[in-house]
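**Q** quick one, fold the following:
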Amino acid sequence: MPNSIESTIETYVQAWSERDPVLRASLIEACFAPQGRIVTRGREIVGRAAFADSVAKLHADPEFLRARLTSAIEVGQTSFRFSGVVERRDGSLSVESFDSGEVDGAGRISLLLTFTGPLAPRAEPKA
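**A** You can find the predicted model right below:
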């Protein structure tokens with residue numbers, strides 16, 4: 001049985017895939033803090049409205065199929081991490097990500113740090 005943070009993350013991923021804007025809004029409200037933040041390399045999404053707008057832009061891509069988890073959800077007291085992917089209609093993967101963050105006192109995501117793509121190998125130090 002998933003714990004509350006695992007359920008929050010599952011709801012978050014489901015929100016990215018939900019096509020019905022009314023259902024999507026209820027999922028976002030359930031999993032994302034009112035002033036929650038999603039921070040990526042290139043931008044910061046702050047608040048539920050900005051999150052909903054980001055999801056709507058993704059759904060505007062006719063090739064978008066869904067978002068899904070590709071790892072277990074690891075949970076600390078208020079922290080979490082997981083991996084996910086965005087699938088395209090042709091079966092290819094457009095974005096692989098590693099996400100970590102924390103939830104607020106109500107169990108909703110207050111901060112999510114998203115890293116896309118694989119890490120570069122470590123460069124060996126020069127002697």
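**Q** so residue 54 lies in a helix, does it not?
**A** Yes. Using DSSP: H, G, I helix; E, B strand; the rest coil, the assignment for residue 54 is a helix.
**Q** right, and it touches residue 44 too?
**A** No. In this structure residue 54 lies outside contact range of residue 44 using C-beta atoms under 8 Å: 10.9 Å. For every residue, glycine as well, the C-beta is placed using N, CA and C.
**Q** which one is residue 39 nearest to, not counting chain neighbours?
**A** Distances taken as C-beta to C-beta, 6 or more residues apart in numbering place residue 113 nearest to residue 39, at 5.3 Å, with adjacent residues excluded.
**Q** show me what contacts the residue lying closest to residue 12 once chain neighbours are set aside?
**A** Nearest residue to residue 12, sequence neighbours excluded (C-beta to C-beta, 6+ apart): residue 31, at 4.6 Å. Contact partners of residue 31, counting by C-beta atoms under 8 Å, 6 or more residues apart in numbering, are 8-9, 11-12, 15, 108-109.
**Q** want to throw these into JSON lines with secondary structure, neighbour count and distance to residue 23?
**A** Output for the contacts of residue 31, formatted as JSON lines (DSSP: H, G, I helix; E, B strand; the rest coil; neighbours: other C-beta atoms under 10 Å; distance: C-beta to C-beta, whole Å):
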{"residue": "8", "secondary structure": "helix", "neighbour count": "21", "distance to residue 23": "17"}
{"residue": "9", "secondary structure": "helix", "neighbour count": "25", "distance to residue 23": "18"}
{"residue": "11", "secondary structure": "helix", "neighbour count": "19", "distance to residue 23": "11"}
{"residue": "12", "secondary structure": "helix", "neighbour count": "28", "distance to residue 23": "14"}
{"residue": "15", "secondary structure": "helix", "neighbour count": "22", "distance to residue 23": "9"}
{"residue": "108", "secondary structure": "coil", "neighbour count": "21", "distance to residue 23": "17"}
{"residue": "109", "secondary structure": "strand", "neighbour count": "24", "distance to residue 23": "18"}
